[in-house]
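Colleague: whatever this is, show me its structure:
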Amino acid sequence: MHATRRRRRIPALIIAAAPTLFALPALAEDAPETELGKLAASMKPGEWAELKTQGLVEAHRARGASGAIFGYNEGAAWDPNSRQWLYCGGDHNDRLRFVTYSADTNAWTVMENPPWSRGGTSHGYDHNTIDEKRGIFYYRPFSRKEIHRYDIAEKKWSSLPPMDTREYIACCTGVTWFPELEGIVVANSAGGGPKGHVLLYTVEDEKWTQLGKDLPMGVYHTFSEYSPVHKVVIFGGGNGSSDLHKLDAERNVTTLKKSPLNVGTMQTIITADPVSGDYLVFGKDGSFHVYDVTKDEWTKQDTTDVPIFKPTRQPTILVWHVTASPVSNYGVTMFVKYVATDEPRGWVYLYKHADK
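Modeller: Okay, here's the model as predicted:
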């Protein structure tokens with residue numbers, strides 16, 4: 001099935017310095033040509049395009065309060081090896097669902113329910129991440145101290161040791177994989193805010209370590225996001241918070257300038273461009289900013305042709321039912337949007353921020 005696309009142009013983005021050179025993961029020699037890959041290759045920097053896929057609405061439709069499995073969510077995970085998008089999350093008053101998109105088939109699949117799922121609400125938040133090198137997808141269920149891992153090749157789930165039980169663990173944290181630290185970073189609002197700490201789980205040691213504490217954050221809905229170009233994680237935010245911090249590959253934690261808008265789940269979609277390393281920040285108010293972490297600078301973008309904000313059922317939260325992930329081997333960011341109505345609709349959009 002060939003993709004049809006709707007291209008949208010936005011003015012050239014303002015980048016103060018040339019992006020760091022970064023080699024995108026190579027596709028396997030026997031990797032098939034995909035609709036996603038062909039569309040991404042045809043795009044220019046600053047361009048949006050719609051990718052038509054199969055089974056999108058069926059995979060994301062829910063029976064809970066909002067009608068979609070996205071609910072409170074911020075991001076998904078992309079596996080460049082199997083060319084799959086992976087996401088765990090669920091609606092209010094509904095069961096968690098594990099869904100994937102395969103670029104090879106251009107189709108969505110509802111996976112078998114994870115064995116650890118106990119039923120009840122468990123949104124996506126910023127709780128989905130991936131270790132690309134090992135092919136391991138991670139998800140943290142709502143308000144639990146454990147994180148579960150899924151071996152993509154083996155299609156098997158297992159669990160990490162619980163997060164440090166001496167600390168308060170917020171319901172909705174920022175979870176991301178940090179390759180240079182060989183572990184998972186969790187931005188946690190200790191005691192429900194207004195301060196928190198950052199935790200690291202290392203695969204080799206199989207233990208949790210606290211790297212920073214008493215860091216300003218919101219009460220919950222914090223986020224964390226890794227940039228493969230700059231090899232840092234930015235984290236923080238949360239409800240009503242514009243606080244930002246940076247973790248580098250030497251385990252140093254630095255407090256950054258406050259962001260120009262509140263950040264975190266239900267406030268923003270924050271993702272890292274896989275080519276330039278810029279952070280792309282989409283606000284609930286319909287704004288779009290580019291954040292250069294090397295200079296701690298924000299640049300507001302024109303949003304005339306940004307397609308992810310409308311249509312919507314939540315005019316005060318324009319990132320509602322939108323989720324995103326960098327797609328590293330194709331050099332774009334993939335956004336999935338769902339509108340739950342009597343006749344629900346869904347879209348997949350690609351955005352190319354920079355060329356290789």
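
Colleague: do you know how far the spatially most central residue of the chain is from Ala187?
Modeller: The centroid of the chain falls nearest to Gly75 when counting by CA atoms, centre = their mean (2.5 Å). Shown here: Gly75 relative to Ala187, a distance of 13 Å by CB to CB, to the nearest Å. C-betas here are computed from N, CA, C, even on glycine.

Colleague: same question for Lys195.
Modeller: For Lys195, the distance to Ala187 - CB to CB - is 12 Å.

Colleague: and what of Lys246?
Modeller: From Lys246 over to Ala187 the distance is 11 Å, taken as CB to CB.

Colleague: who touches both of the two?
Modeller: By CB atoms under 8 Å, 6 or more residues apart in numbering, Lys246 and Ala187 have these common neighbours: Phe235.

Colleague: who has more neighbours, the two?
Modeller: The neighbour comparison of Lys246 against Ala187 (other CB atoms under 10 Å) goes to Ala187, with 30 against 18.

Colleague: tell me if that one really is in a helix.
Modeller: No: with DSSP: H, G, I helix; E, B strand; the rest coil as the criterion, Ala187 is strand rather than part of a helix.

Colleague: which SS state does Leu36 fall under?
Modeller: Following three-state DSSP, we place Leu36 in the helix state.

Colleague: number of residues surrounding it?
Modeller: 25.

Colleague: for this protein, longest strand please?
Modeller: Scanning the chain for the longest strand, with DSSP state E as the assignment, gives strand 207-216.

Colleague: so for that strand, what's the average pLDDT?
Modeller: For strand 207-216, mean pLDDT is 94.

Colleague: how far is it from where the chain is centred?
Modeller: Here strand 207-216 is found 22 Å from its chain centre; the criterion is CA atoms, centre = their mean, to the nearest Å.

Colleague: excluding sequence neighbours, find me the nearest residue to His230.
Modeller: If the residues on either side of it in the chain are set aside, His230 comes closest to Gly277, at 4.6 Å by CB to CB, 6 or more residues apart in numbering.

Colleague: Ser227 is in contact with the one you found, correct?
Modeller: Yes: applying CB atoms under 8 Å, one finds Gly277 in contact with Ser227, separated by 4.6 Å.

Colleague: what residues are shared contacts of the two?
Modeller: With CB under 8 Å, 6+ apart, Gly277 and Ser227 have common neighbours Val293.
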